[in-house]
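>>> This is a predicted model, with the sequence first.
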Amino acid sequence: MTTSKGLTVNVSGAAMPGGRIDVRYVSDGADIVAANAGDYIYPADVRLDGASDTLLMKASGVTAALDQPQTWLFEYDLNHRRQIAGFQVDPSVLPPECQIK
């Protein structure tokens, strides 16, 4: 995708152990981790806010150490190449995930 400031990026991720969301900047090849909630907390949903060029990401799972379900939200600024926010939330207050068809 290309941001409003002209940066072309590739976004990738996987819902698996060690899963995270990575952003690769085509112009210089920089690879940056946009979201990583840790072991057994897998990426589940990624959305783009095109107006602000930010990625909004959700990760959820059950931690091995605590054996408790967790849901995390992350926000990543594509133009400034930095994570803006990352925090744990109650999943019952979130909208449904995007379905793959």
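Received it, and whenever you're ready, just let me know what you need. These numbers were taken from a predicted model, which means no experiment stands behind them.
>>> and stretch 35-46, average pLDDT?
Stretch 35-46 comes out with an average pLDDT of 88.
>>> how long is that stretch from one end to the other?
Start and end residues of stretch 35-46 are separated by 10 Å (CA to CA, to the nearest Å).
>>> what does it contact?
For stretch 35-46, the external contacting residues (CB atoms under 8 Å, 6 or more residues apart in numbering) are 11, 13-21, 55-64, 70, 72, 74, 76, 83, 86, 97-98. Backbone N, C-alpha and C define where each C-beta goes, glycine included.
>>> The same query, at a cut-off of 7 Å, please.
11, 13-17, 19-21, 55, 57-64, 70, 72, 74, 76, 86, 97-98 (CB atoms under 7 Å, 6 or more residues apart in numbering).
>>> Among those, which lie within strands?
Of the positions in the contacts of stretch 35-46, 11, 13, 21, 55, 57-62, 70, 72, 74, 76, 86 sit in strands, assigned by DSSP state E.
>>> now those residues: which count as buried?
Using 16 or more other CB atoms under 10 Å as the burial test, these include 11, 13, 21, 55, 57-61, 70, 72, 74, 76, 86 as buried.
>>> Need those in a markdown table (columns: pLDDT and distance to Leu48).
Formatted as a markdown table, these follow (pLDDT from 0 to 100; distance: CB to CB, whole Å):
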| residue | pLDDT | distance to Leu48 |
| --- | --- | --- |
| Val11 | 96 | 8 |
| Gly13 | 92 | 13 |
| Ile21 | 96 | 12 |
| Leu55 | 97 | 6 |
| Met57 | 94 | 10 |
| Lys58 | 93 | 13 |
| Ala59 | 92 | 16 |
| Ser60 | 91 | 19 |
| Gly61 | 89 | 23 |
| Gln70 | 90 | 24 |
| Trp72 | 93 | 18 |
| Phe74 | 96 | 13 |
| Tyr76 | 98 | 10 |
| Gly86 | 94 | 17 |
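>>> Which two of those have the greatest separation?
Using CB to CB, the pair of those lying farthest apart is Val11 and Gln70, separated by 22.5 Å.
>>> Look at Val46 and say how many residues are nearby.
20 (other CB atoms under 10 Å).
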